[in-house]
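>>> Sharing a sequence plus its predicted fold:
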Amino acid sequence: MQEVKILGLENGVLNAALSGDIDLGNAEAFYQEIAAAYEQSHASICFDCTELNFIDSTTLGTFVKILKMVKSDGFTLRLTNLQPKIKKLFVICSLDSIMELA
């Protein structure tokens, strides 16, 4: 999946870069790729969203699903470099209160 690039484990954090559009059509593939990487190295996850252009409500739900997965093991989820329009979606849905947006 070209929208997700696993950057690897650094300082106990699994880093991934997101790009393009993640929506109903590819949200499940996004989840599967992250879940597979997480299974290889249980750790907190940090998404670099610099190149992420669009998400929909399905993707928001996928982020919550990922958060539940990592939180159940005591880890955290962080999203960095969100474009203002995408960050606004997280804030409107109050997801900024359960995951870190930087």
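Looks like it came in fine.
>>> and the residue nearest to residue 55 when sequence neighbours are not counted, what does it touch?
Distance criterion CB to CB, 6 or more residues apart in numbering; nearest residue to residue 55, sequence neighbours excluded, is residue 22 at 5.3 Å. For glycine as for every other residue, the C-beta is placed from the backbone atoms N, C-alpha and C. Counting by CB atoms under 8 Å, 6 or more residues apart in numbering, residue 22 makes contact with 3, 30, 52, 54-56, 59, 62.
>>> Restricted to strands, list those residues.
Filtering the contacts of residue 22 for membership in strands, criterion DSSP state E, returns 52, 54-55.
>>> In a markdown table, list those residues along with pLDDT, distance to residue 69 and neighbour count.
Formatted as a markdown table, the ones in strands among the contacts of residue 22 follow (pLDDT from 0 to 100; distance: CB to CB, whole Å; neighbours: other CB atoms under 10 Å):
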| residue | pLDDT | distance to residue 69 | neighbour count |
| --- | --- | --- | --- |
| 52 | 97 | 20 | 21 |
| 54 | 96 | 23 | 12 |
| 55 | 96 | 18 | 23 |
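>>> Next one: the nearest residue to residue 41 once chain neighbours are set aside from residue 60, what distance?
Take residue 41 and drop its neighbours on the chain: the residue closest to it by CB to CB, 6+ apart is residue 9, 4.8 Å away. With distances taken as CB to CB, to the nearest Å, residue 9 is found 26 Å from residue 60.
>>> Also residue 46?
Applying CB to CB, the value for residue 46 to residue 60 is 18 Å.
>>> pLDDT below threshold where in this protein?
Counting by pLDDT under 70, the low-confidence segments of the chain come to 1.
>>> hey, where'd the helices end up in it?
Under the criterion DSSP state H, the chain contains helices at 27-40, 57-71, 84-92.
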